[in-house]
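> kindly return the folded structure for what I paste below:
(2 chains)
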Amino acid sequence: MKLLSLICGIILFFLLPLQTENREAIAQEASLESASISGTVTLPTSSSSSSRQFRGAAYRNRGNSSASSQNSSDSNPYINTIVSAHPVSFSIDNLPTSDSVQIIQKNAVFIPQVTPVTIGSTVQFVNSDSFYHNVFSLTPGARFNIGRRKTGDVYSKEVPALEWKVSGLGPIDLFCDIHSQMNAIILSLDTPYFTRVNEDGTYTLNNLPEGTYELRGYNRNTELYTQRISIDENEQHQLNLNLVN
Amino acid sequence: MNKKKITGVLLLLLAFQADIVAQVQINGTIDIEFSSGGSDSKFITNGINEDFRYLHLSIPQINLLLFSPINDQFFVEARLQSDTWGTGQLSTPRFTLANLTWAHPDKNFSLSFGRFLSPIGIYSKKALSIDRTFVDLPLNYSYFTNISDERGFWPAAGNNANYTTGDVGLSTIYLGGYTTGILLDWMLIEEKLRLETSFSMVAPASDQNYTNLANGAVLTHLTFNPNIFWQFGLSASHGSYMQLTPVNRIHRPNNPLEQYRQSLVGLDIRYAFGFLEIQTETIFSYWTSPCYTNGQFQLYGNELAEYRTSNIGTNIDLRFEPPSLPGSYIAFRADHLNFLTAETDSSTLSSDWDTDTSRLTAVFGYKLARNVETKIAVSEQTPFDQSLYAFRFFLTAFF
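Numbers count the residues shown, from 1 in each chain, chains lettered A, B, ... in the order given. Next up is the predicted model:
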């Protein structure tokens, strides 16, 4: 009996990796076979304003615009640009959600500045500073205030459906009541097909089913870019987005 | 000037242009208020001008705020302010803040030159209405005592006064929260220990942005954060505060007015957790001054009599943000200003040198947008017979 178990164990030991490899191969094949949209995003040339936060400035912090609140690690304008594909010719019955999206508060800055999620996902706020932070939003339909949280505290918050935005594209403005210069955005989406633009301005949307989409390019400092596009099965579509107004 | 010289100058300007170009960030604030006050309302006691004590709409303050980074180390900031302080009517716009600041490129160390926020007291740092929990400031900043920078100790001032403008005495700390001089701001231990010290032209009580005497003062505030929940602050200052005016000019030759000083120590504590914040500040002020009674200065021969007076004020603020109503808060303040005895070399006054005052304030605030906030505030103070109540429905916006 012991010998039989040993033989079965040896067989399973060799078979399991094969099965895993098989699954990965199938997935890779599916990815290769599914449609995708890729291209380059063009943004307006940013001004050369000083991004330094001066401690002694009496009033400047509150007056900071959303564009000037980035820190050096988050200063690439492309990475805060989101491209999403919203199905027009078909509907998504069960919108997948993510429960492990984190927004970190570090050096009195929200990281990242823009966080795309599907409606109903849970976002976690993490205080990585040695002093208090608060997060609140006054966006209609998504007003909340999570109070002061000490270092290391993680607060989970479900992103609500924005009833006031029938389009499903809902920027939820985030602020910190203690540091008035801090601000960020949760981009609530009604589609699972979205991606963050790479640092070099390129983007790729993979695994798109065949159909018609409204492609949207979101950057908080530009007008929302929209374009209707139809793609066939397995089509590798190239589309450059010009977000310069 | 010939063409070559003009071209040379233009080329020189163009060469400098790359370094000189600076952006100017312009912001503004506006306060709009429905307010009313009790029958004995005065700006110097409850913040409501007696001519405007009936329910009325006003614009108590408009500000234009300028900020310009020259480069990564220098910036200029200024505040052009128009307000209704004292008179109840908007004043001619004036620069209440204007400074050049150098900030160390690598360390949390800066030097400011000009007129800047006073390091003394925690409320001086909240010069904009939108940054404050309450509409009015604590008694240490808003109650005008019987000390004048023209007359010194002046028993007829303060509560006893029948005037609303001109020389109305001084609050213990100037309600504007500014001082002129050089400011050192140094984070000695990151997020733990911060030192702010200014060498100013006048003591914290003075509202003057200049001095026509050889005045001087040191103002300092040390902030200590032992942990994330607590913050302790220590304020201290010593300096002269009188100004030379036609009222006292005749006595100047025999009496250097710079000799009269305000010495001040203060302790502030803040505790915060979750949706709750508790903040308290206690200020003790000691004054030396001449004395002005019955329309003239008290003299010993040619010398002005010197009086020594002191007062202590304390307030405690509680603020709670209901999580079920995001953007809102309720807050309460209990405030007391106590006047101790006044002394001269020859006598000690038996009675207090001003009227001890207590004030209770409640406020409900609600953010309409990130930089738009409404507040409803009511306050009642000594003698608690509604003669000095104040009601304010306040809207403030930063743009």
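
> from start to finish, how long is stretch A:143-154 in a straight line?
Start to finish, the residues bounding stretch A:143-154 are 19 Å apart (Cα to Cα, to the nearest Å).

> in it, what's buried?
A:143-150, A:153 (16 or more other Cβ atoms under 10 Å in any protein chain shown). Placement of C-beta: from N, CA and C, glycine included.

> that stretch close to chain B?
Yes: Stretch A:143-154 is in contact with chain B by Cβ under 8 Å from any Cβ of the partner chain, via A:143-148, A:150-151.

> of those residues, which belong to strands?
Using DSSP state E, the members of the residues of stretch A:143-154 next to chain B that fall in strands are A:144-145.

> widest-spaced pair of the buried residues of stretch A:143-154?
Across the buried residues of stretch A:143-154, the longest distance by Cβ to Cβ is 23.4 Å; it joins A:143 and A:150.

> show me what the helix or strand hosting residue B:263 is packed against.
Following DSSP states H and E, one finds residue B:263 within strand B:261-273. In terms of contacts (3 or more Cβ pairs under 8 Å, 6 or more residues apart in numbering or on different chains; DSSP states H and E), strand B:261-273 is packed against strand B:230-240, strand B:276-289.

> tell me the mean pLDDT for the longest one?
Read that as strand B:276-289. Strand B:276-289 carries an average pLDDT of 96.

> next secondary structure after it?
strand B:292-293.

> hmm, who's touching that next one?
B:148, B:151-156, B:298 (Cβ atoms under 8 Å, 6 or more residues apart in numbering or on different chains).

> residues in contact with whichever residue of the stretch 251-399 of chain B sits closest to chain A?
The nearest approach of the stretch 251-399 of chain B to chain A comes at residue B:326, 4.0 Å away (Cβ to the nearest Cβ). Residues near residue B:326 by Cβ under 8 Å, 6+ apart: A:136-138, A:143-145.

> rerun that using 6 Å as the cut-off
A:136, A:143-145 (Cβ atoms under 6 Å, 6 or more residues apart in numbering or on different chains).

> between these, which is nearest residue B:80?
Nearest to residue B:80 among the contacts of residue B:326: residue A:136, at 30.7 Å, using Cβ to Cβ.

> how about the contacts made by that closest one?
A:145, A:175, A:177, B:326.

> low-confidence regions, the stretch 201-350 of chain B specifically.
Within the stretch 201-350 of chain B, the stretches with pLDDT under 70 are B:347-350.

> up against chain A, what does it have?
B:228, B:272, B:274-275, B:323, B:326-327 (Cβ under 6 Å from any Cβ of the partner chain).

> now list the buried members of the residues you listed.
Here, 16+ other Cβ under 10 Å leaves B:228, B:272, B:275, B:326-327 buried among these.

> turn those into a markdown table, including distance to residue B:341.
Listed next are these as a markdown table, based on distance: Cβ to Cβ, whole Å:
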| residue | distance to residue B:341 |
| --- | --- |
| B:228 | 42 |
| B:272 | 37 |
| B:275 | 43 |
| B:326 | 50 |
| B:327 | 47 |
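
> for residue A:157, state which of those residues is nearest.
Using Cβ to Cβ, those come closest to residue A:157 at residue B:326, 11.6 Å.

> how about the secondary structure of the closest one?
coil (DSSP: H, G, I helix; E, B strand; the rest coil).

> count of neighbours near residue 100?
This is for chain A. The tally of other residues near residue A:100 (other Cβ atoms under 10 Å in any protein chain shown) stands at 9.

> to clarify, I was referring to chain B.
There are 16 residues near residue B:100, going by other Cβ under 10 Å.

> give me the beta-bridge partners of residue B:312?
For residue B:312, the beta-bridge partners are residue B:284, residue B:338 (DSSP bridges).

> how near is it to residue B:358?
13 Å (Cβ to Cβ, to the nearest Å).

> which one of these two has more residues nearby?
Between residue B:312 and residue B:358, counting by other Cβ under 10 Å, residue B:312 is the more crowded of the two (18 against 15).

> the more buried one and residue B:283 touch, don't they?
No: with contact defined as Cβ atoms under 6 Å, residue B:312 and residue B:283 do not form a contacting pair (7.0 Å).

> so residue B:148 bridges to which residues?
The partner residues for residue B:148, given DSSP bridges, come to residue B:152.

> wait, it touches residue B:168, no?
No: shown here, residue B:148 and residue B:168 do not form a contact pair, counting by Cβ under 6 Å, at 7.9 Å.

> ok, those two, which is more surrounded?
residue B:148 (26 against 18).

> residue contacts, that one?
B:154, B:157, B:167, B:169.

> helices along chain A, start to end?
A:2-33, A:60-63 (DSSP state H).

> leaving out chain neighbours, which residue sits closest to residue 76?
Went with chain A since none was named. Nearest residue to residue A:76, sequence neighbours excluded (Cβ to Cβ, 6 or more residues apart in numbering or on different chains): residue A:199, at 5.0 Å.

> wait, chain B
Among residues not flanking residue B:76 along the chain, residue B:68 sits closest, at 4.8 Å (Cβ to Cβ, 6+ apart).

> thanks a lot, see you next time.
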